[in-house]
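Enquirer: the sequence and its predicted three-dimensional model are supplied below.
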Amino acid sequence: PPRDSIRRQRQMCIRDSYQAELAMGLSRLTGIPYGITLHAYGIWKDRSALGEKVAGARVVLTCTEHNAEHLRKTFPDHAGKVRVLYHGLDLGRLGPVTSPPPTRETRWLAVGRFVPKKGFLHLVEAAGLLRDRRVPFELTILGSGAEGRAVRRRVRDLGLERRVQLPGAVPNAHVLRALRASHGLVMPSVQAPSGDVDGIPNVILEAMAMERAVVGTAVSGLPEAIRPAETGVLVPPGDPAALADAMEGLGSDRAGAAAMGRRGRQLVAELFDLRRNTRDQVKLLLEVMG
């Protein structure tokens with residue numbers, strides 16, 4: 001119901017913004033310096049007192065170069081405070097890498113909340129195009145959210161019930177099993193009308209760490225992980241035909257997709273290792289806080 005949706009949105013705003021505002025207020029009362037971490041939501045959608053938070057902080061951390069560039073341009077007097085610190089992934093937690101299943105059809109996986117910025121309605125349209133082209137494929141979209149009814153209705157309207165599975169939200173362990181059973185991940189992200197946009201969704205890093213190629217959109221921080229012809233394929237956001245082309249192309253080139261998967265795991269190990277990034281964060285905080 002609309003009332004429940006509004007309450008969830010308010011809870012999300014409180015959860016994502018109050019820590020920085022609390023730190024700023026306590027710093028003014030005590031004189032103790034503070035630093036903040038800004039993710040996509042706090043930069044592109046919830047901009048509450050953003051300028052004051054940045055101006056008062058000793059350091060501003062963010063998780064993508066795309067975010068950092070925007071913050072430096074928006075607050076040029078404080079550009080030197082902005083540092084990029086990527087999220088980390090524990091490669092050991094994922095278990096051994098397995099080969100994709102030897103099926104005739106290409107099995108695609110998509111994961112995320114059913115909200116506008118995830119672009120799942122565009123992905124369903126792409127699935128319809130693949131069906132019309134007689135491309136052998138299966139698509140599973142894991143998640144739930146406000147757009148769930150619209151996504152399910154579009155799947156029914158296009159007659160895709162046999163090709164597109166919508167099991168709902170599942171625990172992370174189930175996501176990892178689904179990745180092992182797939183040939184690749186699709187991340188059709190767009191910038192929502194509200195301004196909300198993905199950074200680098202963790203499931204992209206999980207897929208790459210498990211040596212799966214990724215099809216994604218050239219939006220926000222996604223190109224920092226999905227590197228064309230290296231770790232995956234990038235297409236324009238909101239373009240079902242381009243999504244379908246990329247999925248068809250990778251599905252028909254299993255060897256190329258496997259090579260992208262191997263390079264993807266190497267990239268995760270180089271840039272997104274949890275232990276190294278945690279050590280870097282502690283070192284940075286000690287440096288800037290004295």
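Expert: Nice, thanks for sending it over.
Enquirer: quick one, what contacts residue 115?
Expert: Residues near residue 115 by Cβ atoms under 8 Å, 6 or more residues apart in numbering: 145, 146, 147, 192, 196. The way it works is simple: take the backbone N, C-alpha and C, and place the C-beta from them, glycine included.
Enquirer: one more: residue 190?
Expert: 116, 117, 118, 119, 122, 197, 217, 219, 237, 238.
Enquirer: and the fifth one, how far is that from residue 19?
Expert: So the one you mean is residue 122. From residue 122 over to residue 19 the distance is 33 Å, taken as Cβ to Cβ, to the nearest Å.
Enquirer: the two - which one has more neighbours?
Expert: Per other Cβ atoms under 10 Å, whichever of residue 122 and residue 19 has more neighbours is residue 122, with 21 against 14.
Enquirer: what about the helix or strand encompassing that one, average pLDDT?
Expert: Counting by DSSP states H and E, the element that carries residue 122 is helix 120-132. Averaging pLDDT along helix 120-132 yields 98.
Enquirer: tell me which residues are up against that helix.
Expert: With Cβ under 8 Å, 6+ apart as the criterion, helix 120-132 contacts 110, 112, 114, 137, 139, 141, 143, 147, 150-151, 154-155, 158, 160, 163-164, 186, 188, 190, 238-241, 243-244, 247-248.
Enquirer: got it, and stretch 236-250?
Expert: 106, 108, 119, 122-123, 125-130, 133, 135, 137, 183-184, 186, 188-191, 213, 215, 217-219, 233, 235, 256-257, 260.
Enquirer: pull out the buried positions in it.
Expert: 237, 238, 239, 240, 242, 243, 244, 245, 246, 247, 248, 250 (16 or more other Cβ atoms under 10 Å).
Enquirer: could I get these as a markdown table with secondary structure and distance to residue 173?
Expert: Below are those laid out as a markdown table (DSSP: H, G, I helix; E, B strand; the rest coil; distance: Cβ to Cβ, whole Å):
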| residue | secondary structure | distance to residue 173 |
| --- | --- | --- |
| 237 | coil | 30 |
| 238 | coil | 32 |
| 239 | coil | 33 |
| 240 | helix | 31 |
| 242 | helix | 32 |
| 243 | helix | 28 |
| 244 | helix | 30 |
| 245 | helix | 33 |
| 246 | helix | 28 |
| 247 | helix | 26 |
| 248 | helix | 31 |
| 250 | helix | 26 |
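Enquirer: now those residues in CSV, with pLDDT and distance to residue 206?
Expert: Shown next, in CSV, are the buried residues of stretch 236-250 (pLDDT from 0 to 100; distance: Cβ to Cβ, whole Å):
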residue, pLDDT, distance to residue 206
237, 98, 22
238, 97, 24
239, 98, 25
240, 98, 25
242, 98, 24
243, 98, 20
244, 98, 24
245, 98, 25
246, 98, 20
247, 98, 19
248, 98, 24
250, 96, 18
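Enquirer: would you reformat the residues you listed as CSV and include distance to residue 266?
Expert: Shown next, in CSV, are those (distance: Cβ to Cβ, whole Å):
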residue, distance to residue 266
237, 26
238, 30
239, 29
240, 31
242, 26
243, 26
244, 28
245, 26
246, 21
247, 23
248, 26
250, 18
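Enquirer: of the contacts of stretch 236-250, grab the buried ones for ChimeraX.
Expert: To isolate the buried members of those in ChimeraX, using 16+ other Cβ under 10 Å:
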select :106,108,119,122,123,125,126,127,128,129,130,135,137,183,184,186,188,189,190,191,213,215,217,219,233,235,257,260
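Enquirer: residue 278: neighbouring residues, count only.
Expert: Neighbour tally, residue 278, other Cβ under 10 Å: 12.
Enquirer: and the helices in the stretch 101-250 of the chain?
Expert: 120-132, 148-157, 172-180, 202-209, 240-251 (DSSP state H, counting those that start in this stretch).
Enquirer: of those, which is nearest residue 79?
Expert: Evaluated with Cβ to Cβ, those place helix 202-209 nearest to residue 79, the distance being 27.3 Å.
Enquirer: in the closest one, what counts as buried?
Expert: Quick answer for helix 202-209 (16+ other Cβ under 10 Å): 203, 204, 205, 206, 207, 208, 209.
Enquirer: repeat for stretch 90-110
Expert: Residues 91, 94, 100, 106, 107, 108, 109, 110 are the ones in stretch 90-110 that count as buried (16+ other Cβ under 10 Å).
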